Structure formats: C-alpha cells, structure tokens
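Colleague: please find the sequence and the predicted model below.
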Amino acid sequence: PEEEYPINQIAALQSILAQLANQQNAYDQLISQANAEFDKKQWRSALGFYKESLTIKANETYPKTRITEIEGIIQEIAEQNAAYNKAIDDADAFYKTKNWESSLTNYELATQIKPEESYPQEKIAELKAILGDLASANAQYNAFIADADLLFTQVDYENAKLKYQSALEIKPEEAYPQERILAIDDILAKLA
C-alpha cells in the first residue's frame, strides 16, 4: 500500500477514464443534437453537429453515414430548387410574351416540383381564367364570322358588315373581317 507507482498509475487511469467519459458524453450530446436537427430537417445545422462529433471521435461511422446522407439531401434540394427556379423563370418569360399555354405548362411543372409553393398555383388559376376568357372570345368571334359569311352569301351586306365589325371588336388584329368589310364597302359603293 505504501508504493506510489501503483497509486500514481491508478490516478492516471482514473483521469484517462474520466476524460474518456467526458469525451463520450460530449460525443453523445452532439449526436443527440444532430439527430434532433436531422429529424426537424434542419440539414445544415445537423451537418455541423455530425461534423463536430467527428472531432471528438473521428473513427465513428454513424456520423460519417449521416453526413453522406445529408450531403445527398442538400444536393437533391439544390437540384430541385434549380429546376423549380428554371420552370418559374420560363413560365414568367412566356407570361410576359402572352404565350399563355407555354406559361401554364411551366407553372404546372413548377407545382409538380414544389407543390407547397403558392406562386405557381396563383398563376395557374390566373392563366386558366385568361384561357377560359380567350376560348369564350374565340367562340364568339367564330360565331360572328360564321353569321357574317352566311349573310354575305345571302347578299345581306349591311348586316354582314355589322357582324364583321362585331368580330373585329373581339379580335381587332384579324385581317379577314377587315378584308370583308372593305369588300362590302366596295360592293355597296358600286350599288349606290
């Protein structure tokens, strides 16, 4: 019992064991924090805790596996964000040029990539209303043209002209009703 060497060795071993226990506690605490962040999908925070745990116990495989998994998730999110942003940019560009169908297609694609985002859903609703209005206007335009053509063939030029003018009010850029109105004006001038 009076020998100092075994007493010093026991003290040194107890110090090492205490240090290892502290190290294990610190590691366990970091892993616990990392797992909690992982469960909350706080990827960057979880990644930091897992990496920090490796500074305490560099040979542990669990944090390395989680780090690889998180880096894959972060890469997937980045790719998803890039695809979403491209779809939105394309949709917005088509919207500005009034290419409604292409704009709608790209907003729908954006919604498939990120269904929780409200912006593309709002634009889809807006575009469906625009396309519905356009379909209604096209139907009305086509009806006026059909009526006008029929009246023209029946030599009812005055009423045909009124129908062509009504069609022009819906689609002022269309050449056909303008041409027919000019033809009617020529016919009426010759008849007068």
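Modeller: Here it is on my side, so go on.
Colleague: on the pLDDT front, check the residue nearest to the spatial centre of the chain for me.
Modeller: Nearest to the mean C-alpha position of the chain, by CA atoms, centre = their mean, lies residue 110 at 3.0 Å. Residue 110 is assigned 97 on the pLDDT scale.
Colleague: give me the next element, helix or strand, following the helix or strand containing it.
Modeller: Per DSSP states H and E, residue 110 falls inside helix 100-113. Tracing the chain past helix 100-113, the next element assigned as helix or strand by DSSP H and E is helix 118-153.
Colleague: my guess is residue 128 meets residue 103, correct?
Modeller: No: taking contacts as CB atoms under 8 Å, residue 128 lies outside contact range of residue 103: 11.2 Å. Glycine gets a C-beta too; all of them are placed from N, C-alpha and C.
Colleague: more neighbours: those two, which one.
Modeller: Using other CB atoms under 10 Å as the criterion, residue 128 and residue 103 rank with residue 103 on top: 24 against 12.
Colleague: low-confidence regions, the protein specifically.
Modeller: For the chain, no stretch is flagged by pLDDT under 70.
Colleague: buried sites along whatever helix or strand residue 158 lives in?
Modeller: Using DSSP H and E, residue 158 sits within helix 157-170. Going by neighbour count (16 or more other CB atoms under 10 Å), the buried part of helix 157-170 is 157, 160-164, 166-168, 170.
Colleague: many thanks, we can stop here.
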